[in-house]
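> Need a 3D model of the sequence below.
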Amino acid sequence: MLIEASNIHKTYKEAGYLLHVLKGIDLKIDAAQVIAVVGPSGAGKSTLLHILGALDVPNQGQVYFNGQDVYGLNDKERSLLRNSQMGFVFQAYHLLPELTALENVILPAMVKNNSRKTSAIEFDGVKLLEKVGLGQRVSHRPNQLSGGEQQRVAIARSLMNSPKVVFCDEPTGNLDSQSGAMVIDVLLNLNKISGQTVVIVTHDQAIAKRTQKIIYIKDGMLEG
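I've put the predicted structure just below:
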């Protein structure tokens, strides 16, 4: 079991009222699975993804990653866990405009501040760009790339530190159908070749049907 969430609750204060977004979620995710989390807007999909990915803290409940209690860690330890074990792909690509595709991809490895030489990190970055079909675009900046290409750079960046899981929050939301299909192809292919677990939040049933397991969430609770 790679990820296990138990009795996850999340509330927010909004205009003086408590908004109960997640209401006792229990969830298990095996290694090497591709999972879709689907549901209507406001159902709590992104909030759940952020809690599973150690980006947001639940008000109640536990998340275990490889048997480790994620929210028993302090902030620094959780940051290290995210950087070394998890990758993230969002609807907005979050690429730094002043950096090339390669520089964006290797950023997580540079932040990790390990003892590896920059040349070795760059070599791995180029290989990742080749893996997502952008071997000829390593020196291009984001404004020289299409939306689909930018998202593939973001996927390559998410893989830089060889994470065990990649969390994707509406990764095709800003793309046309053809570019979106290509992005999903890349994610599914990476799972097939490298065995990465992939968790995709999406409202698109066509994308969900291509995954191995679909989790439905409505009004902060799992259905089915």
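> Identify the bridge partners of the nearest residue to residue 221 once chain neighbours are set aside.
In space, and not counting its chain neighbours, residue 221 is closest to residue 23: 5.1 Å by Cβ to Cβ, 6 or more residues apart in numbering. No exception for glycine: its C-beta is placed from N, CA and C like everyone else's. Beta-bridge pairing for residue 23 (DSSP bridges): residue 9.
> now residue 23: how far from residue 42?
Residue 23 sits 13 Å away from residue 42 when distances are taken as Cβ to Cβ, to the nearest Å.
> Please apply the same query to residue 79.
Noted for residue 79: a distance of 29 Å to residue 42, by Cβ to Cβ.
> helix, strand or coil for residue 95?
The three-state label given to residue 95 by DSSP: H, G, I helix; E, B strand; the rest coil is coil.
> For the nearest residue to it once chain neighbours are set aside, give me its contacts.
In space, residue 95 comes closest to residue 142 once its chain neighbours are excluded; the distance is 4.4 Å by Cβ to Cβ, 6+ apart. Listed by Cβ atoms under 8 Å, 6 or more residues apart in numbering, the contact partners of residue 142 are 93, 95-97, 101, 104, 150, 153.
> and the spatially closest residue to residue 101 that is not a sequence neighbour, what element?
Of all residues not flanking residue 101 in the chain, residue 153 sits nearest, at 4.9 Å (Cβ to Cβ, 6+ apart). Under the criterion of DSSP states H and E, residue 153 resides in helix 147-158.
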